[in-house]
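**Q** Let me see the structure of the following:
(chains A and B)
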Amino acid sequence: DIQMTQSPSAMSASVGDRVTITCRASQGISNYLAWFQQKPGKVPKRLIYTASSLQSGVPSRFSGSGSGTEFTLTISSLQPEDFATYYCLQLYSYPLTFGGGTKVEIK
Amino acid sequence: EVQLVESGGGLVQPGGSLRLSCAASGFTFSSSWMTWVRQAPGKGLEWVANIKEHGSEKYYVDSVKGRFTISRDNAKNSLYLQMNSLRVEDTAVYYCVRYRGMDVWGQGTTVTVSS
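**A** Predicted coordinates:
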């Protein structure tokens, strides 16, 4: 099984900060990676697919990069509505596996 | 509008069974792989199962193999998850998801396994 290690597991940041979240795969997954945002009590929302493609309707301050085993989600300027938990997901092979999540909290 | 609506969740005793349903609309259901994802209270997301467009291929996470069965009825635009031999650790919100990159999610249905 492919393990997805996400870091950090939690972080505090201020509005306007640049935020970077990392996901590492235990083996190469090409670009079969997606990023999701989940707010408390809400349904996960896809932000990024195929590692770097921005989901329609998602603000351009979100970006994804990486290939192989290391991936990043970057929020260029954190906004109040971005405080949430973020998850990566590998879709390269079964079982599909999510990262453990990164909770982004207000500093 | 693309929409997925789950139903069938509830409270069940350990060892019991439950069948979840997901009604799809707004897209060509019969052309879409479909997925179930779950989230235990206060925990992260966990992929549960996938099914190919016409049901010829199915995949499961190890923890549910032999207990859960994913199925579909393309004539009814519906996805199902038959859950047998339920355990306390199966307690979660279960989401129906369109597999195309996991781009569309239902609102979820809550399954509670408790005596």
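
**Q** could you show me where the strands are in chain B, in order?
**A** Ranges of strands within chain B are B:3-7, B:10-12, B:18-25, B:34-39, B:45-51, B:58-60, B:68-73, B:78-83, B:92-98, B:104-105, B:109-113, based on DSSP state E.

**Q** Would you format those as TSV with mean pLDDT included?
**A** Below are the strands of chain B laid out as TSV (pLDDT from 0 to 100):
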stretch	mean pLDDT
strand B:3-7	98
strand B:10-12	98
strand B:18-25	98
strand B:34-39	98
strand B:45-51	98
strand B:58-60	98
strand B:68-73	98
strand B:78-83	98
strand B:92-98	98
strand B:104-105	97
strand B:109-113	98
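
**Q** Of all those strands, which one is nearest A:Lys45?
**A** For the strands of chain B, proximity to A:Lys45 was assessed by Cβ to Cβ; strand B:104-105 is nearest, at 7.7 Å. For the C-beta atoms, the positions are set from N, CA and C on the backbone; glycine is no exception.

**Q** any chance you could map the strands in chain A?
**A** Counting by DSSP E, the strands of chain A are A:4-7, A:10-13, A:19-25, A:33-38, A:45-49, A:53-54, A:62-67, A:70-75, A:85-90, A:97-98, A:102-106.

**Q** hey, what's the most centrally placed residue in chain A bridged with?
**A** Per Cα atoms, centre = their mean, the C-alpha nearest to the average position across chain A is that of A:Trp35, at 4.0 Å. For A:Trp35, the beta-bridge assignment (DSSP bridges) gives partners A:Ile48, A:Cys88.

**Q** That one: what's it in contact with?
**A** A:23, A:46-48, A:62, A:64, A:73, A:86-89 (Cβ atoms under 8 Å, 6 or more residues apart in numbering or on different chains).

**Q** before we move on, what about B:Val111?
**A** Taking Cβ under 8 Å, 6+ apart, one finds B:9-10, B:12, B:18, B:20, B:38, B:83, B:86, B:90-94 in contact with B:Val111.

**Q** Near chain A, which residues of chain B are found?
**A** Neighbours of chain A within chain B, by Cβ under 8 Å from any Cβ of the partner chain: B:35, B:37, B:44-47, B:50, B:59-62, B:95, B:101-103, B:105-108.

**Q** Good, we can wrap up now.
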